[in-house]
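Q: mind looking at a prediction? Sequence and model below.
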Amino acid sequence: MTGVLQKSPTRSGQTLARRRRRVPPLVPIILGALLVLALTYVLPPFRNYQLATVGAYFTVTAGLTVLTGLNGQLSLGHGALMATGAYTFALAQNRWLSMPLSVLAAILTTTLAGVVIGLAAARLRGPYLAGLTLAVAVVVPSVTSTFDETFNSDMGLSVALDPPPGVVPMEQWQAWLCWAGALVTAFLLATLVRGRFGRDLRAVRDDETAARLAGVHVARTQVIAFVVSAACAGLAGVLFAFLAQSVSPGAFPLTLSLFLVMAIVIGGLGRLVGALLGAVLLVALPALAQTASERSGSQHLEGNLALVIFGVVLVVVMLAAPGGLASIHTNFRRKR
Amino acid sequence: MSTKIPDHELALDHITVRFGGLTALDDVSLRVPAGRIVGVIGPNGAGKTTLFNVICGFVTPTAGEITLDGRAWRPRPHHLNRLGIARTLQGVGQFSGLTVLENVQVGIRNRHSRQPSERGWRESRHSGQPSERGEQGDWHSGEPSERGGQEGRHSGQPSEQGEHEGRHSGQPSRRGWRGGREKRSEQDALDALERCGAAEYAYEHPGALPYAIRKRIELARALASRPRILMLDEPAGGLDADEIQWLAGLIRDTDTTVLLVEHHMDLVMAVCDEILVLDFGKPIALGPPVEISANEKVTEAYLGAVA
Ligand SMILES: Nc1ncnc2c1ncn2[C@@H]1O[C@H](COP(=O)(O)OP(=O)(O)O)[C@@H](O)[C@H]1O
Ligand SMILES: [Mg+2]
C-alpha cells in the first residue's frame, strides 16, 4: 500500500511521454481570430459572406457535436432551434433595434426551449429521441404559419439592422460578427468540456449504468448538454438572421437539421475541429451543387444535388476515415 | 474511537423482490458491520446481483427496509459515490471512448481530494462522526438534493479540510483551482491504477485491453472514489489463479467494508468474515466461512451443483 505513492522514474517518465498534451483553448481561438481578421481584409465581398456563413454554421455545429458526439444524444431538431433564435432576434430587433438586447433575448428563448426539449429528451433514447427532435423540426416552422400575424407566415420577416460602423463593408462586418460569435462559443464549449464535465458527458454516452454508479447524475448531465447546445443553435440562428437580414421558415427546413448532423459526422464527431470542418463543408458543398446545377441549367436540381453530394461525401469519409475528417490527421501522426 | 460507530454500517431487513411472478429475493436480511468483508454466494440466478441492485437503488424492493448507519435509507444510484459506496459491475462496465485514466477519474468527484493514505482517511472519517451526522441529514432527506459534492464544505470536516487546504496551497498551482483539481484527480486516478496494477495502460482505451485488465480498471475506478463500502460483483471473473491471489490480497488490505459476490469459493472462503448463501432468492445460510463450508444445505444447493 505504501508503494502507491512511490513511482519509479521510468514509469512516470513513460506516462508523461504518453500523456496527451492539453492545449489551452485560448491559443487556437486567438490564432483563429487573427486568421479570420486577416482573411476579411484580402477576400472579395462574396467570399467574406461565405466566410461569415462558415462562422454561423460553426456556432451551431460546435454545440451539436458536444451534444451528439460527446453526450450521445442525436438531435434532428437543431434547425428548428436555430429558427427559434432567428425569429426571436428578428422580433426583438424590429421592436428595439438593439443588437445586444436582441441577441440576449434570442439566446434566452432558445435556451428555454432547450430546457423543455432537453427534459423530455433525457427520458428518451435512440429512435424515440430522434423522433422527438424530428417532431420539433417539423412543428416549429409550422408555428410561423399558424400565428401569421406575428411571424408573417411563409413570407417571413425582414430584420432591421444598424449599418456597419464607419467605412467597413457589410460583408466584412458580417464576417467579424459571425466569427466573434463562433469563436466565443467554441471557447466556452472547449472550456466546459475540458475537465470533469466533459468526462461526465462522455461517460454517460458510453455506459449510463456505470456512470450512475460512479456518481454522475445522468439525467442532469443530459439536460445540461441539450440546453448548452440549444443555446449555441439559438446564437447561430441570430447570425443567420443577421446574414440574410431576414427570417423565413424556408431558411430552416428539415433538411438543414439533417445537414447539420451529417456535417458533424463527416467532420469528426465530438471534436470542435470536426465541427469546424463540417461548417466549411456546409458552405462549400451547396456552393458546389449550385455551380453544377447552373451548368446543367436546371434550377430544380440544386437542393437535391446538395443532399446527394453530402450523402456521397458522408459514405466516402465513413469508409476511408470512420472517425471523420478530423481523425485523419491524428491517424497519420500515430502511424509515423 | 470506535464507540460511536454503529454496529452495522449497512443493514437489509426482510428484503423481498419480485419480478412479475418470479421471486428474485425472498425475505433476505443481512447486517454488514463496518470494516467487515461479507460474501454473498449462491448458484446462478440466486439473486446476488439483484441484492446489489437493491442496495444501489436500481431495483426497488417489493418489501423490506434498508438502513445505512442505523437510519432508514432509500438508495439512489448517483448518490452512492457521495455516500462513499462504490460498486463494480458483473462483467465490465467501461467507458470505451475514454482513456483508462479518464475512466478512473469519472469515479473521483469533488469531495475526494483527501490524503492518499487509506488508513489515515478511514480514521479521520470515524473520528469525524458528528459531521457525518450532518451529512446524513442530507442523505436521508430522500429527495435529490443536488448540491453535488459540496457537502464537504457545508458540513465542515475540520481536520480534513485543513489537510486539503494545506496540500493545495503547498503545491504551486499555476492553473488555478480548476486545473489544480484536475491534477489532483489525475494523480488520485494514477494511484488507484497503480494499486490495481494497471497504471501502464493509463493512456490507452479500455476496449482494446484484455478482459482481466479491464476488471482491474473497474476495480481501480471503485477504489479511486475512496469508498467506505466497496461492493464487488464477481470481480474474479476471467482472472487466473495468480490474479485471484492478488485480488484476495487487495480485498483484505482495502480497509473498507466489502460486500463480495463471487463464484470462486477459494477466494470467498479466504477473504470473507461472513458469508450469506442464497438459493433461488432464499437465504439458506449465514455465518463465518468454516460454518458455511460445513453446512449441508449449502453443499447440496451450491457446492454440489457447481462440482
Ligand atoms: N430486472 C429484472 N427483471 C426481471 N427479472 C430479473 C431482473 N433482474 C434479475 N431478474 C431475475 O432474477 C433472478 C436473479 O437474478 P440475479 O440477481 O442476476 O442472479 P445472480 O446474480 O445470483 O446470478 C434471475 O432469475 C433473473 O432472471
Ligand atoms: Mg449476478
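A: Great, that's in hand. Ligands and ions are numbered 1, 2, ... in the order given.
Q: B:G237 versus the closest residue to B:D233 other than its chain neighbours, what's the distance?
A: Distance criterion Cβ to Cβ, 6 or more residues apart in numbering or on different chains; nearest residue to B:D233, sequence neighbours excluded, is B:Q90 at 4.2 Å. C-betas here are computed from N, CA, C, even on glycine. According to Cβ to Cβ, to the nearest Å, B:Q90 stands 7 Å off from B:G237.
Q: the residue in chain A positioned nearest to ligand 2: which element?
A: Going by Cβ to the ion, ligand 2 is nearest to A:T209 of chain A, at 13.8 Å. Using DSSP states H and E, A:T209 sits within helix A:208-213.
Q: check whether that helix comes into contact with chain B.
A: Yes: Helix A:208-213 lies within reach of chain B by Cβ under 8 Å from any Cβ of the partner chain, at A:T209, A:A210, A:A211, A:R212, A:L213.
Q: narrow those to just the buried residues.
A: Neighbour counting by 16 or more other Cβ atoms under 10 Å in any protein chain shown classes A:A210, A:A211, A:R212, A:L213 among the residues of helix A:208-213 next to chain B as buried.
Q: dump those residues to JSON lines, plus distance to A:A83 and pLDDT.
A: Below are those laid out as JSON lines (distance: Cβ to Cβ, whole Å; pLDDT from 0 to 100):
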{"residue": "A:A210", "distance to A:A83": "37", "pLDDT": "93"}
{"residue": "A:A211", "distance to A:A83": "33", "pLDDT": "94"}
{"residue": "A:R212", "distance to A:A83": "35", "pLDDT": "94"}
{"residue": "A:L213", "distance to A:A83": "39", "pLDDT": "93"}
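Q: now the strands for the chain?
A: You didn't pick a chain, so chain A it is. With strands called from DSSP state E, chain A shows them at A:157-158, A:246-247.
Q: that was the other one, I meant chain B.
A: In chain B, the strands defined using DSSP E lie at B:8-19, B:22-33, B:37-41, B:63-68, B:71-72, B:85-88, B:229-233, B:257-261, B:274-279, B:282-287.
Q: okay, now the unreliable bits of the stretch 201-307 of chain B?
A: B:302-307 (pLDDT under 70).
Q: where among the strands of chain A is average confidence lowest?
A: Least confidently modelled of the strands of chain A is strand A:157-158, at a mean of 88 by mean pLDDT.
Q: who does it touch, helix- and strand-wise?
A: On a contact count with 3 or more Cβ pairs under 8 Å, 6 or more residues apart in numbering or on different chains; DSSP states H and E, strand A:157-158 meets helix A:78-96, strand A:246-247.
Q: residue numbers of chain A in contact with ligand 1?
A: Residues of chain A lying near ligand 1 by Cβ under 6 Å from any ligand atom: none.
Q: pLDDT-wise, which helix or strand of chain A ranks last?
A: helix A:9-18 (a mean of 40; mean pLDDT, DSSP states H and E).
Q: returning to that earlier point: most tightly packed of the strands of chain B?
A: Counting by mean count of other Cβ atoms under 10 Å in any protein chain shown, strand B:85-88 has the highest mean neighbour count of the strands of chain B, with a mean of 26.
Q: pLDDT at B:E132, what is it?
A: At B:E132, pLDDT is 38.
Q: which residue does chain B bring closest to ligand 2?
A: As assessed by Cβ to the ion, ligand 2 sits closest to B:T49 within chain B, at 3.2 Å.
Q: residues contacting that residue?
A: B:Q90, B:D233, B:V261 (Cβ atoms under 8 Å, 6 or more residues apart in numbering or on different chains).
Q: what about it, distance to B:R87?
A: Counting by Cβ to Cβ - B:T49 and B:R87 are separated by 10 Å.
Q: isn't A:V273 right next to A:S327, touching?
A: No: between A:V273 and A:S327 there is no contact under Cβ atoms under 8 Å: 9.6 Å.
Q: pLDDT weak spots in the stretch 101-250 of chain A?
A: Along the stretch 101-250 of chain A, no part satisfies pLDDT under 70.
Q: helices of that one, start to end?
A: Secondary structure of the stretch 101-250 of chain A (DSSP state H, counting those that start in this stretch): helices at A:126-146, A:148-151, A:170-194, A:196-206, A:208-213, A:218-244.
Q: so which of those helices is the most surrounded?
A: The most buried stretch of these, if neighbours are counted by mean count of other Cβ under 10 Å, is helix A:218-244, with a mean of 26.
Q: so that helix, near chain B or not?
A: Yes: between helix A:218-244 and chain B, judged by Cβ under 8 Å from any Cβ, the touching residues are A:V218, A:R220.
Q: distance from the chain centre to that helix, please.
A: How far helix A:218-244 lies from its chain's middle: 8 Å, per Cα atoms, centre = their mean, to the nearest Å.
Q: just want the angle from that helix to helix A:196-206.
A: With axes from the mean of the first three to the mean of the last three Cα atoms, to 10 degrees as the basis, helix A:218-244 and helix A:196-206 are set at 110 degrees to each other.
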